[in-house]
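In: no sequence on hand, only this structure:
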Ligand SMILES: Cc1cc2nc3c(=O)[nH]c(=O)nc-3n(C[C@H](O)[C@H](O)[C@H](O)COP(=O)(O)OP(=O)(O)OC[C@H]3O[C@@H](n4cnc5c(N)ncnc54)[C@H](O)[C@@H]3O)c2cc1C
């Protein structure tokens, strides 16, 4: 039985782990469009959260331990290099684990005279930059010459951005297993940003950040007080809300009395109940206009990050396999009983591609485990002659002698595609770690696909 997996983030790996437990003879081919695996674990999770990234070791082990059953093909984009229809025809089942590849839109104009306003940046571009993804140069670090920045949106990603920009610099040297790139450290150390406003449309209890992340931030960056009258006007009900209000009112202040925090002259502040309606500025943003308590207010700023969420996009090829995609939520619709994507015969989906772009890795893992079980059920039900055919074809693949990926691979070869195999990735991985050791970090990443391909030449 053969399973094709589109994407190599946590959803892909956790689904495969579970499906393999139940169908130990399963052959899996993982297709990843990037030059490196692991999705947002590598490109989203902040560099000062190395403990979160440790799941990469488990994923690596999975492929290392099962070289005959799992074939990894990087630098291959499904929908471009191979069609989804082809995978659906050639594999017993296909898993879409592509995450959320777009940005939720703010719905207000970001341009003057047809030109985008400089200094209004989707959080994803900045997150990519500080995680060493410099393909396409979507963030210009010279924007960090701003004094004051505003983040529209107040989830954990907003808090990540505040930490990255306003934590004391020394901290980056002290964190063990940190993978902040040298060029990024350079950019952050030149940053002039002294203060960040974190703005939410609604109140404190509707804000999406978690207390764990909030507490961490309070230990690193001084918080200016929130105006209790206009901003915190609701009684907390849940236990989590009660903790949140304690933290925001500084009742636990004693806990945050550390040297690092005392030495930090920078600050951040939460602002609630502000609905952004307009950006001001000619070429570069100078202010954001909000409706606030029934009035219009204009608050000055030099740089805006829009951090209102990643969003799944309808990918090339969904139509050709009949996959039903909900544009409002940016998700593939699954049959809750079978896990099959509505409208398709053998396509499954897990992680953010199916649940939407919220939830930590633990939530993604739980979803992936359920989907992995359902894939296993489906494959066991459809266990016909294909397993025998697979074994007969096994020696044909030029990529991995043990797995038949012949059809997909020949399509790629006809297109002269430079596939990044698992062995290639291991070479890149070792080199990143070697370069990291020289500068005392867990790794120094390749920042573009070109750099990675050049190294593999
Ligand atoms: C900025 C940020 C910070 C985060 N920090 C944390 C944290 O500290 N702790 C935590 O627990 N969670 C964190 N999360 C959440 C966590 O990253 C997600 O729960 C998880 O990554 C979702 O996994 P996924 O596999 O569904 O998607 P992704 O991780 O996005 O993986 C999708 C993969 O599919 C690939 N792909 C997409 N399209 C194609 C295609 N057409 N062909 C081939 N490959 C394709 C992508 O390149 C990518 O590798 C964070 C999320 C973000 C956005």
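Out: Sure thing, it's come through. Predicted model only: the values in this text are computed from it and were never measured.

In: residues contacting residue 425?
Out: Residue 425 makes contact with 36-37, 72, 74, according to Cβ atoms under 8 Å, 6 or more residues apart in numbering. Glycine gets a C-beta too; all of them are placed from N, C-alpha and C.

In: going by distance to residue 125, which of the residues you listed wins?
Out: Among the contacts of residue 425, residue 36 lies closest to residue 125 (Cβ to Cβ), at 18.3 Å.

In: pull the most distant pair out of the contacts of residue 425.
Out: Pairwise distances across these (Cβ to Cβ) peak at 11.0 Å, for the pair 36 and 72.

In: okay, those two: which has more neighbours?
Out: residue 72 (25 against 22; other Cβ atoms under 10 Å).

In: ok, now which ones touch the residue nearest to that one when sequence neighbours are not counted?
Out: Of all residues not flanking residue 72 in the chain, residue 422 sits nearest, at 4.2 Å (Cβ to Cβ, 6 or more residues apart in numbering). Counting by Cβ under 8 Å, 6+ apart, residue 422 touches 63, 67, 71-72.

In: secondary structure added to those, as TSV?
Out: Shown next, in TSV, are the contacts of residue 422 (DSSP: H, G, I helix; E, B strand; the rest coil):
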residue	secondary structure
63	helix
67	coil
71	strand
72	strand
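
In: burial measure for whichever residue of the stretch 351-457 of the chain sits closest to the ligand, as a count.
Out: Closest to the ligand within the stretch 351-457 of the chain is residue 351: 2.4 Å, counting by Cβ to the nearest ligand atom. Residues within reach of residue 351, counting by other Cβ under 10 Å, total 32.

In: pLDDT at it, what is it?
Out: pLDDT recorded at residue 351 is 98.

In: which residue is the nearest non-sequential neighbour of it?
Out: residue 11 (2.3 Å).

In: same check on residue 40?
Out: residue 9 is the one closest to residue 40 (Cβ to Cβ, 6+ apart), at 5.9 Å.

In: what's near enough to touch the residue nearest to residue 351?
Out: By Cβ under 8 Å, 6+ apart, the residues touching residue 11 are 39, 97, 99, 350-353, 364, 367-368.

In: let's see that with 7 Å instead.
Out: By Cβ atoms under 7 Å, 6 or more residues apart in numbering, the contact set of residue 11 is 97, 350-352, 364, 368.

In: wait, which of those residues is closest to residue 153?
Out: Residue 153 lies nearest to residue 352 out of the contacts of residue 11, by Cβ to Cβ, at 16.9 Å.

In: that closest one: what's it in contact with?
Out: When contacts are counted by Cβ under 7 Å, 6+ apart, residue 352 touches 11, 99-100, 312, 364.

In: try 10 Å this time
Out: 7, 9-11, 39-40, 97-101, 310-312, 330-331, 358-359, 363-364, 367 (Cβ atoms under 10 Å, 6 or more residues apart in numbering).

In: what subset of those is buried?
Out: Buried subset of the contacts of residue 352 (neighbour count, 16 or more other Cβ atoms under 10 Å): 7, 9-11, 39-40, 97-101, 310-312, 330-331, 364, 367.

In: and the ligand, which of those reach it?
Out: Applying Cβ under 6 Å from any ligand atom to the buried ones among the contacts of residue 352, one finds that 7, 9-11, 39-40, 97-99, 101, 310, 364 fall near the ligand.

In: can you redo those as TSV with distance to residue 345, pLDDT and secondary structure?
Out: Output for those, formatted as TSV (distance: Cβ to Cβ, whole Å; pLDDT from 0 to 100; DSSP: H, G, I helix; E, B strand; the rest coil):
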residue	distance to residue 345	pLDDT	secondary structure
7	20	98	coil
9	25	98	coil
10	26	98	helix
11	21	98	helix
39	26	98	helix
40	29	98	helix
97	18	98	coil
98	19	97	coil
99	23	97	coil
101	24	93	coil
310	29	94	strand
364	25	98	helix
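
In: quick one: which of those is nearest to residue 417?
Out: Nearest to residue 417 among those, with distances taken as Cβ to Cβ, is residue 7, at 17.4 Å.

In: need phi/psi at the nearest residue to that closest one once chain neighbours are set aside.
Out: Leaving aside its chain neighbours, residue 7 sits nearest to residue 97 (4.0 Å; criterion: Cβ to Cβ, 6+ apart). Residue 97 adopts backbone torsions of phi -130, psi 60, taken as degrees, to the nearest 10.

In: circling back to that earlier point, need the overlap of contacts for residue 36 and residue 72.
Out: Here residue 36 and residue 72 have 8, 420, 425 as joint contacts, going by Cβ under 10 Å, 6+ apart.

In: these in strands, which ones?
Out: residue 420 (DSSP state E).

In: okay, the shared contacts of residue 36 and residue 72 in TSV with distance to residue 259 and pLDDT next?
Out: Listed next are these as TSV, based on distance: Cβ to Cβ, whole Å; pLDDT from 0 to 100:
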residue	distance to residue 259	pLDDT
8	41	98
420	44	96
425	41	98
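
In: ok, and which of the shared contacts of residue 36 and residue 72 reach the ligand?
Out: Restricting the shared contacts of residue 36 and residue 72 to those within reach of the ligand (Cβ under 6 Å from any ligand atom) leaves residue 8.

In: any idea which of the shared contacts of residue 36 and residue 72 is closest to residue 383?
Out: Comparing the shared contacts of residue 36 and residue 72 against residue 383 with Cβ to Cβ places residue 8 closest, at 26.0 Å.

In: quick check: chain neighbours aside, which residue is closest to residue 104?
Out: Counting by Cβ to Cβ, 6+ apart, the residue nearest residue 104 is residue 309, at 4.1 Å.
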